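*Asks:* got a sequence here, can you model it:
(chains A and B)
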Amino acid sequence: MVDVNILVGVIAVFCAGLALLMLFAKEALTCALSLLGILLGTAALYGIMGEHFIATIQLVVYAGAIMVLFIFSIMLLNVRQTGDDIKLTSLRFALGALAGIALLGAGGWVLFDFVPTGSGPWGQDAVIAAGGNTRVLAHALFSRHYIAFEAVSLALIVALVGAVTLAKRKLN
Amino acid sequence: MTALAMPQLLALFLFIVGMLIVLIRRNTIVMLLGIELMLNAANLSIISFSNQMGMIDGQVQVFFVITIAAAESAVGLSILVNLYRNFGSVRTDRARTLQG
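*Replies:* A predicted model of the protein is given here:
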């Protein structure tokens, strides 16, 4: 049996490496496939934490549907080489890297001795006793958050119609 | 450092890399991918906190974020198709007709 912390560390290093590859890769397809790897790694983290439904959603919607959409548009627009997209010596790279390092330092400093306080009702044992993660999540979704759920479904329809209208429009 | 720290640090790192992709890269497809990466990092952070604190609301939140991300990428990619039709390229430095 592998120690869970080691497994989480391996997945974290995998995801971080793919993120850096995404930042520096020239081909758009390489970036898309790196993001796919990151999404799979994140889904594995969700699974390790016990959030099985969200892990499945991540696999089906994110790594499935959204990534297919992205790769389809890369194929459709036939974006081959993006040229000298990222120059290590340019001013924008220097400023961006500086901002990134500053944010990383600030965030790491906050996280270093952060201990979450307050324990809610849904600990590991409570979720198992209530019939598993999916049942608990569905109960929360369709009781307390049902108005938000309906609003999101409306937003999805609007976005669908908007996307079709935008993509079909002939501009001259 | 607690057990919480590893997913949170990963989320922080992924968010910053996504932000750098949006700031630095000029290819709009890659910029959209960077936005997705940032959303994913925020999801990871919310899920990790919610898991650590024994709450279910974080997962509901992430469920909504994933749904809206799907809608956002569909609209974004159709805008991108229009951009490509009008300018013949997906690079942001080609689309500068407002610059005069």
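*Asks:* C-alpha from now on. contacts and neighbour counts both.
*Replies:* Will do.
*Asks:* quick one: buried residues of the least confident helix or strand in chain A by mean pLDDT?
*Replies:* Lowest on mean pLDDT, DSSP states H and E among the helices and strands of chain A sits helix A:124-129, with a mean of 81. For helix A:124-129, a neighbour-count test (16 or more other Cα atoms under 10 Å in any protein chain shown) marks residue A:127 as buried.
*Asks:* who are the packing partners of it?
*Replies:* Contacting helix A:124-129 under the criterion 3 or more Cα pairs under 8 Å, 6 or more residues apart in numbering or on different chains; DSSP states H and E is no other helix or strand.
*Asks:* show me what counts as buried in the next helix or strand after that helix.
*Replies:* Later in the chain than helix A:124-129, the nearest helix or strand by DSSP states H and E is helix A:133-143. Across helix A:133-143, burial judged by 16+ other Cα under 10 Å covers A:133, A:136, A:137, A:140, A:141.
*Asks:* quick one: is helix A:133-143 near chain B?
*Replies:* Yes - using Cα under 8 Å from any Cα of the partner chain, helix A:133-143 reaches chain B at A:136, A:137, A:140, A:141.
*Asks:* so for that helix, mean pLDDT?
*Replies:* Averaged over helix A:133-143, pLDDT sits at 89.
*Asks:* for the record, mean pLDDT for stretch A:9-25?
*Replies:* Regarding stretch A:9-25, the rounded mean pLDDT is 93.
*Asks:* stretch A:67-86: end-to-end distance?
*Replies:* Stretch A:67-86 has an end-to-end distance of 23 Å (Cα to Cα, to the nearest Å).
*Asks:* residues of it that come out buried?
*Replies:* With burial defined by 16+ other Cα under 10 Å, the residues of stretch A:67-86 counted as buried are A:67, A:70, A:71, A:73, A:74, A:77, A:79, A:82, A:85, A:86.
*Asks:* got the contact list for residue A:66?
*Replies:* Residue A:66 sits next to B:70, B:73, B:74 when contact means Cα atoms under 8 Å, 6 or more residues apart in numbering or on different chains.
*Asks:* low-confidence regions, chain A specifically.
*Replies:* By pLDDT under 70, the weakly predicted segments of chain A are A:1, A:80-85, A:116-118, A:170-172.
*Asks:* all strands of chain B, in order?
*Replies:* Taking DSSP state E to define them, one finds no strands in chain B.
*Asks:* if you count neighbours, what's buried in the longest helix along it?
*Replies:* As assigned by DSSP state H, the longest helix anywhere in chain B is helix B:57-87. By neighbour count with 16+ other Cα under 10 Å, helix B:57-87 contains the buried residues B:57-84.
*Asks:* pull the most distant pair out of the buried residues of stretch A:67-86.
*Replies:* By the measure Cα to Cα, A:67 and A:86 form the most distant pair in the buried residues of stretch A:67-86, at 23.1 Å.
*Asks:* can you confirm residue A:75 is in a helix?
*Replies:* Yes - the assignment for residue A:75 is a helix, going by DSSP: H, G, I helix; E, B strand; the rest coil.
*Asks:* what residues does it make contact with?
*Replies:* Residues counted as contacts of residue A:75 (Cα under 8 Å, 6+ apart): none.
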